[in-house]
Every structure is written in structure tokens, then in C-alpha cells.
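J.: sequence unknown, structure follows:
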């Protein structure tokens, strides 16, 4: 005998409910069986109390049928619980999200939930971590879903994979003023520049591995005083590279407004009560500091905070702003960003390095064209304090 519900065949009820939103592939989870059994109520007794068939109770508990509002309310009343305790929506990934294996470009291991921008370089996908500003959530294409034992590898949950493959290039480096360049490139050409924070050596190593389009570097050869080219000849002996100057800048001590600790020379770092924020090994700033300390005859062990590592010029300068450190060695632009004082010590050239085949890509051509714009140079001079007389010049 066919079971009916209010004079209608159960199959028809379930079919109609499915058309409305009830059968199979539903997002509603329920705890009906668990709560019913904990109350010592049988399925037949439960069905009688709410005036439905026993098969309907089993269908609800199996998740193949979502009851209407009246039945849900009656079930909750009979079991003396709220509807929310009986039924809930299953958590699912956001619409359009998909899993993607990628390399995360960061000096530190990726962490679960970390927001990233994603970019495609040839057949390789990379994720570039983004951090929140004080008042805004970061713009991101996805998050790190799973981490891997393999360094830098992670599983991502991404929302805009197709967009990432179009008009987007990855620039690795440590110059805080490249953000000015990136915004102007996007405004003028629509090409999006995703910046991966990295020391000069790390940026170049990522380029060797084909993980970034462009690497920024300000490494100085101690023997010749030449910037970048001696290192590139060693690291890329058989590569056809293009090297373009971004700007010349000054590095020096970033100090609090008014320089209350009167920090003016490397020897001052060894004074009692002076705390420093250092840069990571492999950065040009770390190499410069070591050179200055050696020349001044100061043992690094005497410098408080020498082992306190900050990843990037802005990160180091921010330690001075918050009072975590009295000084750091960074660019004038980092000091100006936080309205801190600056004691110049050394001039450097910051170059953008890429393979020539990369320089021929339409998106990269648009990027390089912006380097020739007078508007960009004015911004770099005023906002960052850079010498732009060589900006856009081809070094190699």
C-alpha cells in the first residue's frame, strides 16, 4: 500500500518539495535523529505527533527531504528545541571558488587563511600574500587553504582565477615607491602590477626559478662599487637579460622626529639604550649595515636589535614609528611615508631586472612605458625623495 501525506502520494510530495528546494543536493543539515533518539521518541511516535508519515521522518533525517515551515516548527515544539537547533545551513565555499595548487611568494612560510593575489607566469601559478592596512581589508583573489611540507607550496581557495591570467604581472622587490609606479601603470594601461615583497637576493632567486616577471635589486659589489650587474653576470651567466633603472635613492638611519637619540653614525648603534630594527639577510640594507659596521670597527654583537628582523623598508621604519626601535637602516622614502626623520648615509641605484622575452610581453611593455612619464618622475621626486635622472635608462 502506498503511503500518503494529507491525501497525496509521498513520492509526489517529495517530488514537489524537490522542485521547490527540498530533495537531494540541499544545503540544509539537521540533527532530528540525534535529538529525537536522545528524547526516547520513536520515528512512528514522532510522525504521529506532527501529523506526517514515518517515511517522511526518515527522509528528513536522511537529508533527502527538507520540511516546510509548519512541519519544522511542529518538530521543534514537540522536541522542545528551537528550529535552529534542529536545522542549519551547511558551510560551503563561496560561489565560484576553486582549489588551486600554487607557490606562495613570501620570505616567511604561508599560513592558513592568509589572503593572496594570484598570477599566472607561463604555466606556473603563484600566490602573492597581501596584508591589511590599518583601516581596510586587503584586496585578494583567494586565501591559503592548506599548507605543504614543500617550502612555499600551498593549496589556495581562489575566486578570480580567470582574471588573474589577464593583464597582470608580478614584481618582486623591496622598494616601497614601486607602489606609485604600479598604480600609474594600472591607471594608464589597465595592466595590474602585483608586488611581492622580497629582499634583492630573494627577488632575483624567484626570477631564476621563473616565479616572477620582474625583480628589483640594489645589491652593491664591494670590489667595484657597481650595482647589480656583477651579481647578475654570476647568477644568470647564459641569460639574455634586460636591466632598467627605476631610480637612485639614499639609504640611511630612519629615526624619530627630531632625532631625540641623536643617532648620526654607525658607531652610535653600539651606544647603551639604542635599539635597532634590522633587515633580513640577503637584503641590500643588511649588506650595507654590515659594511658600515665593519668600517666603523663595531661588532654586530654590540648592536641591540641586530637580530630583530623586519621584512622590507616600510616594515623596519614602522618599528621606529611605534617605538619598538630607535632606528633602522632604510630608504628616505620609508622615513617620509611615516613622517620620520632621516640621516642619509649612502647613495644606491635600484634596478628592475627581467628576461628579454619577458620585456617583450605587451603587459610588461606597458609597464616599462610608464617609466618614461614625467608625471611618475615628479611623484618619485616629491613623495619618495628619489633622484630620477636615470629613471627608465637601460643598463643592460
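T.: The structure has been received and is ready for your questions. Keep in mind that this is a model prediction, so the values were computed, not measured.
J.: now do residue 106 against residue 280, distance only.
T.: Relative to residue 280, residue 106 is positioned 12 Å away (C-beta to C-beta, to the nearest Å). Where you see a C-beta, it was placed from the backbone N, CA and C, and this is true even at glycine.
J.: and for residue 188?
T.: 33 Å.
J.: which of the two has more neighbours?
T.: residue 280 (20 against 15; other C-beta atoms under 10 Å).
J.: how close does the more buried one get to residue 383?
T.: Residue 280 is 25 Å from residue 383, by C-beta to C-beta.
J.: where does the spatially closest residue to residue 372 that is not a sequence neighbour land on pLDDT?
T.: Nearest residue to residue 372 in three dimensions, chain neighbours excluded: residue 392, at 4.8 Å (C-beta to C-beta, 6 or more residues apart in numbering). Looking at residue 392, its pLDDT stands at 95.
J.: surely residue 392 meets residue 245?
T.: Yes - using C-beta atoms under 8 Å, residue 392 is in contact with residue 245, at 7.0 Å.
J.: got the phi and psi for the spatially most central residue of the chain?
T.: Centroid-nearest residue in the chain: residue 129, 1.5 Å away (criterion: C-alpha atoms, centre = their mean). Note on residue 129: backbone dihedrals following degrees, to the nearest 10 are phi -60, psi 140.
J.: what about residue 54, how many residues nearby?
T.: 15.
J.: pLDDT value on it, please?
T.: pLDDT, read off for residue 54, is 91.
J.: so which strand or helix has the spatially closest residue to it that is not a sequence neighbour?
T.: In space, and not counting its chain neighbours, residue 54 is closest to residue 47: 4.5 Å by C-beta to C-beta, 6+ apart. According to DSSP states H and E, residue 47 maps onto helix 43-50.
J.: swap in residue 181?
T.: Per DSSP H and E: helix 178-189 holds residue 181.
J.: same deal with residue 342?
T.: strand 341-355.
J.: from residue 173, how far off is the nearest residue to residue 157 once chain neighbours are set aside?
T.: In space, and not counting its chain neighbours, residue 157 is closest to residue 145: 4.4 Å by C-beta to C-beta, 6+ apart. From residue 145 across to residue 173, the span is 27 Å (C-beta to C-beta).
J.: the more surrounded of those two?
T.: Each of residue 145 and residue 173 has its neighbours counted (other C-beta under 10 Å); residue 173 has more, 28 against 17.
J.: what sits against that one?
T.: 195-198, 200, 203, 214-217, 350, 352 (C-beta atoms under 8 Å, 6 or more residues apart in numbering).
J.: out of those, name the ones that lie in strands.
T.: Applying DSSP state E to those, the entries found in strands are 195-197, 214-217, 350, 352.
J.: mind giving me the packing neighbours of the helix holding residue 47?
T.: If contacts are counted by 3 or more C-beta pairs under 8 Å, 6 or more residues apart in numbering; DSSP states H and E, helix 43-50 sits against helix 54-62, helix 69-79.
J.: got a list of contacts for it?
T.: Counting contacts by C-beta under 8 Å, 6+ apart, the residues touching helix 43-50 from outside are 36, 41, 53-54, 56-58, 61, 71, 74-75, 78.
J.: what residues does residue 171 make contact with?
T.: So, once contact is read as C-beta under 8 Å, 6+ apart, residue 171 ends up touching 178, 182, 193-196, 212-216, 352.
J.: whoops, I mixed them up, residue 377
T.: Neighbours of residue 377 in contact, by C-beta under 8 Å, 6+ apart: 388, 391.
J.: what number of residues lie near residue 229?
T.: Neighbour tally, residue 229, other C-beta under 10 Å: 19.
J.: got it, and the one 4 residues further on?
T.: As a burial measure, residue 233 scores 12 neighbours (other C-beta under 10 Å).
J.: just the mean pLDDT for the strand or helix carrying it, thanks.
T.: Assigned by DSSP H and E, residue 233 belongs to helix 229-235. Averaging pLDDT along helix 229-235 yields 92.
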